[in-house]
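Enquirer: what follows is a predicted structure for the sequence shown.
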Amino acid sequence: MPSTYVPSSRFQDAAAYLSGAPSLSKVSNSTKLEIYGLFKYLTVSHTPNSSRPGLLDFAGRAKWDAWKSVGEGYRDRVFEVEERYLQIAIELGWKEGERKEEFQTPPGTSSSQDESDDGDIWDKEDEPKGGGIGFGVTVSKISQEGEETRPDGSFHTYAVAGDTEGLKAYLESHAEAQVDTKDEYGYTALHMASDRGHIEIVKLLLDRGANSSIKDTDGFTALELAQVAEHDEVVQILDSRL
Amino acid sequence: MSTNNGKARAIEVIEEDSGHQSSASEGSDDELNSSTLPEASMPSTSSKKKKKKRSRALKALDAMKGGKELPQDLVDVVLGKVKETGQAPQADEATVRAALEAMKIRDVIQGKAGLGGVGKKDTGGHKFWGTQPVPQLGEEAPSSDGYIEPSRPSSELRQEPYPLPKDFVWSTVDVTNDEELRELWELLSANYVEDDDEAFRFQYSMEFLRWALIPPGYYKEWHVAVRVASNKKLVAFIAGLPITLRVRDNVFKASEVNFLCVHKKLRSKRLAPVLIKEVTRQCNLKGVFQALYTSGTVLPTPVSVCKYFHRCLNVPKLVAVQFTHVPANQTLARMKLLNKVPEKLKLEKDGLREMEEKDLPEVTALYAAYMSRFGMVIQLTEEEARHQFFSGRGEGPGSWKKPREKQVIWTYVVENPQTHKITDFVSFYSLPSTIMNEPKHNVLYAAYLYYYATDVAFQHGADDDGRLKRRLEDLVGDALVIANEAKFDVFNCLTLMDNPSFLTSLRFGGGSGLLNFYLYNWRTAQLAGMTPVDGMPAGRGIGVPMI
């Protein structure tokens, strides 16, 4: 749905601050994406109107996904979105009442903006940041790029993400929802929450009558998944409710 | 992985267009005396009418070095190439522009970052590299390989060390002395290379450093150190190791420069450039004027770039320390099942066993034959092979199930039960990382694939019909079994040698890290690393898995 939100002056100030905030260059991409998603939700529409960008356009795709997940996470709770946006701005050093120049393009929509921020960091050669310099081999870890993601907004997504409130809201608004429904990979929500160690969700699902004896495609019950993943508290809860 | 390929392709496109690749060379050179080495020659258009005639892409690169916006020329060139390869038929100008911007291509060209913004800030800035005999960014490929500056006789060399900032003095580290070795180990453990998120930092063991720094023929003068004048505390280090390097058809003495490390608190003193100049001077004094080095940082100018790949062994721990993550559509239990390593060795019946000293002549010969298939390799004498594959095996008894005390390198051979000929070998080394800010685990135990060879490569058509690939899957697969038994958490490798052929089937996953390869005072065209170059398959340009 198109945004009916009228930007408050606090939001405009915060957005103006974030568009040029030096601290922005130090935050993770996921935070940048969240800021982007929140901004688009508030200023354009709750979810993207365009189709998901193609594989070649990884930045566009990530931004699109971030925007969509804000829309599906908050649905029409506009003021929570604004609160979240202001909260991030405050964490990144924005002080209420402070305003920089005029309302600018948001961070993330203009990549030249992003790049000049990043450039500043890389140009400060004297900054004693961690990360060894120079010759030798490189430390690397498994990259997350190009991975398949779950379809957003499904019942299981909340269980994977550990979003208790989202899951509650989903169950309330979907009277027909079956807690033991399996997703396309053969997992129940209880399987996923037990594997990820989301205690509150496990409790919530059990309270709603979730069946803990169901096995996944590999033959594991929720209890076994929690044991393998060494989520001791979840193991205890499942054990006590058997 | 498709997005990574996308990036790689785009970069390759830029490089291809910035000059005509040429594999022309001066022919084999048995003499290692550097005075007989050829000088690189550049394409005539660039030397005669350098300023007038430049390719469109080169102009685009130049435009980029200054500006904020991606130049239209560059976008056009990339879009043309993308269309030509047919990889993304719907690609339009906007997507290409967005993709290039996401890669932070401008920073790459300017040397501020690796692809995708990954990589560290550079070593002293390009002002420094502009003064060094290295190919500059955007330069065309040479029409023939060779040196950039001729070697000089010792009488013409600078005899005194370069000046250091006040309060610091030059020194060396004697790694045969336990106390000095410990000092070096402490410097590196606290200040050496970390990942971009500052979660992991290399933690070379003392045994490893001793092994790595004293190969046959090493010079203690090449273990260059900087100490605080007042208390002699070690605060910076750089090492050169003597190697015989072949780059395409030329063979020459060179220095493998590694372990550049400056104490975190002194990163503002700009010690790195002076360390590089001093180790260069020390190498020159021994008659060595070429060097090989690698870095996560993009400097002028990589001769190749390789990507790290990782095979998860201890999945729960790797997830717990955020080395990897459980995909949204999987459980940890499933991930464990998928990454389960077999307990049995595939090649045991074919005669796989730990390498012994008596195998050295055969292993040396097999190494030489196998490595001749790659563009840039280190040539090993039997003594050097003993060092690389044998001397780091540790002390006391061991078996393939039980590592020795102080073991840093694992080498296995396949001895044909009938002919007793050594048909294959495979090796890996141990390089743990410190896990920072994680209460439950302190150390990530990582094995790195090192050299390997198999005589299957010499069978007619083995490369084309998949025999070589299958043999390597068995051989490296067995290395995984051994590393898993030895309780390593992860097994790493780079996209070099024949590695790209078995990464998928052995369940390696793409890493966040890239490694750039550099040659000092040597020009040659791009060598195939993570992407193919001019018909040279991915990996085959590079035969030097660095330590």
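Expert: Nice, thanks for sending it over.

Enquirer: can you show me the helices along chain A?
Expert: A:9-20, A:29-43, A:58-74, A:78-91, A:111-123, A:155-161, A:164-173, A:189-196, A:199-207, A:222-228, A:232-240 (DSSP state H).

Enquirer: go through the ones you listed and pick out the most buried.
Expert: Mean neighbour count (mean count of other CB atoms under 10 Å in any protein chain shown) peaks for helix A:189-196 among the helices of chain A, with a mean of 30. For the C-beta atoms, the positions are set from N, CA and C on the backbone; glycine is no exception.

Enquirer: who touches it?
Expert: Residues from elsewhere that reach helix A:189-196, judged by CB atoms under 8 Å, 6 or more residues apart in numbering or on different chains: A:155-156, A:158-160, A:162, A:167, A:179-181, A:183, A:201-202, A:205-206, A:210-212, A:214, A:216, A:220, A:222-223, A:225-226, A:228-229, A:231, A:234, A:238, B:326, B:331-333.

Enquirer: run the last query once more with 6 Å
Expert: Applying CB atoms under 6 Å, 6 or more residues apart in numbering or on different chains, the external contacts of helix A:189-196 come out as A:155-156, A:159-160, A:201-202, A:205, A:210, A:216, A:222, A:225-226, A:229, A:234, B:331-332.

Enquirer: what's the angle from it to helix A:232-240?
Expert: If you take axes from the mean of the first three to the mean of the last three CA atoms, to 10 degrees, helix A:189-196 sits at 140 degrees to helix A:232-240.

Enquirer: if I read this right, residue A:61 contacts residue A:54, doesn't it?
Expert: No: Residue A:61 lies out of contact with residue A:54 (CB atoms under 6 Å); the separation is 7.5 Å.

Enquirer: for stretch B:388-406, buried residues please.
Expert: B:388-394, B:398, B:400, B:403, B:406 (16 or more other CB atoms under 10 Å in any protein chain shown).

Enquirer: give me the lowest-pLDDT entry from those residues.
Expert: Least confident entry in the buried residues of stretch B:388-406, by pLDDT: residue B:400, with 74.

Enquirer: for that residue, what are its contacts?
Expert: Counting by CB under 6 Å, 6+ apart, residue B:400 has contacts residue B:482.

Enquirer: coming back round to it: least reliable of the helices of chain A going by mean pLDDT?
Expert: helix A:111-123 (a mean of 28).

Enquirer: and the residue of the stretch 351-500 of chain B closest to chain A?
Expert: Residue of the stretch 351-500 of chain B nearest chain A, by CB to the nearest CB: residue B:433 (6.3 Å).

Enquirer: distance to residue B:158 added to the helices of chain A, as JSON lines?
Expert: Converted to JSON lines, those look like this (distance: least, CB to CB, whole Å):
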{"stretch": "helix A:9-20", "distance to residue B:158": "47"}
{"stretch": "helix A:29-43", "distance to residue B:158": "46"}
{"stretch": "helix A:58-74", "distance to residue B:158": "48"}
{"stretch": "helix A:78-91", "distance to residue B:158": "53"}
{"stretch": "helix A:111-123", "distance to residue B:158": "31"}
{"stretch": "helix A:155-161", "distance to residue B:158": "61"}
{"stretch": "helix A:164-173", "distance to residue B:158": "67"}
{"stretch": "helix A:189-196", "distance to residue B:158": "61"}
{"stretch": "helix A:199-207", "distance to residue B:158": "67"}
{"stretch": "helix A:222-228", "distance to residue B:158": "62"}
{"stretch": "helix A:232-240", "distance to residue B:158": "64"}
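
Enquirer: need the per-residue pLDDT for the nearest residue to residue B:469 once chain neighbours are set aside.
Expert: Leaving aside its sequence neighbours, residue B:469 sits nearest to residue B:501 (CB to CB, 6 or more residues apart in numbering or on different chains; 4.5 Å). Looking at residue B:501, its pLDDT stands at 97.

Enquirer: what about residue B:501, distance to residue B:411?
Expert: 21 Å (CB to CB, to the nearest Å).

Enquirer: so for the two, which sits in the more crowded spot?
Expert: More neighbours surround residue B:411 than the other of residue B:501 and residue B:411, with 24 against 21 (other CB atoms under 10 Å in any protein chain shown).

Enquirer: name the helix or strand for the more buried one, please.
Expert: Following DSSP states H and E, one finds residue B:411 within strand B:409-415.

Enquirer: helix or strand right after that strand?
Expert: Following strand B:409-415 toward the C-terminus (DSSP H and E): strand B:422-430.

Enquirer: the residue nearest to residue B:176 when sequence neighbours are not counted - how many residues pack around it?
Expert: Excluding the flanking residues, the one nearest residue B:176 by CB to CB, 6+ apart is residue B:214, at 6.9 Å. Number of residues near residue B:214 (other CB under 10 Å) recorded here: 17.

Enquirer: okay, the residue of chain A most remote from its centre: pLDDT?
Expert: The centre of chain A is farthest from one residue, residue A:135, which by CA atoms, centre = their mean lies 36.0 Å away. Per-residue confidence (pLDDT) for residue A:135: 70.

Enquirer: what's the answer for residue A:176, then?
Expert: For residue A:176, pLDDT reads 80.

Enquirer: likewise for residue B:133?
Expert: With respect to pLDDT, residue B:133 scores 96.

Enquirer: repeat that for the one 5 residues further on.
Expert: Reading off the per-residue confidence, residue B:138 sits at a pLDDT of 82.

Enquirer: and the gap between it and residue B:96?
Expert: 20 Å.

Enquirer: ok, what's across the strand from the residue farthest from the centre of chain A?
Expert: Note on residue A:135: beta-bridge partners by DSSP bridges are residue B:295.

Enquirer: what's it in contact with, if anything?
Expert: With CB under 6 Å, 6+ apart, residue A:135 has these contacts: B:257-258, B:260, B:293, B:295.

Enquirer: switch the cut-off to 8 Å
Expert: B:123, B:238, B:257-260, B:293-295.

Enquirer: then residue B:435?
Expert: B:199-200, B:321, B:441-444.

Enquirer: of these, buried ones?
Expert: B:199-200, B:321, B:444.

Enquirer: among the residues you listed, which lie within helices?
Expert: Among those, no member falls in helices (DSSP H).

Enquirer: out of everything not next to it in sequence, what's closest to the residue of chain A found nearest chain B?
Expert: Residue nearest to chain B within chain A: residue A:140 (2.6 Å; CB to the nearest CB). Leaving aside its chain neighbours, residue A:140 sits nearest to residue B:513 (2.6 Å; criterion: CB to CB, 6+ apart).

Enquirer: grab the nearest non-local neighbour of residue B:157.
Expert: residue B:284 (5.3 Å).

Enquirer: so that neighbour touches residue B:152, yeah?
Expert: Yes: with contact defined as CB atoms under 8 Å, residue B:284 counts as touching residue B:152 (7.2 Å).

Enquirer: wouldn't the residue nearest to residue A:140 be in contact with residue B:309 here?
Expert: No: counting by CB under 8 Å, residue B:309 is not a contact partner of residue B:513; they are 9.7 Å apart.

Enquirer: which residues does the nearest residue to residue A:34 once chain neighbours are set aside contact?
Expert: Leaving aside its chain neighbours, residue A:34 sits nearest to residue A:66 (6.3 Å; criterion: CB to CB, 6+ apart). Going by CB under 8 Å, 6+ apart, residue A:66 touches A:33-34, A:36-37.

Enquirer: quick revisit: do you know how far the residue nearest to residue B:157 is from residue A:136?
Expert: 22 Å.
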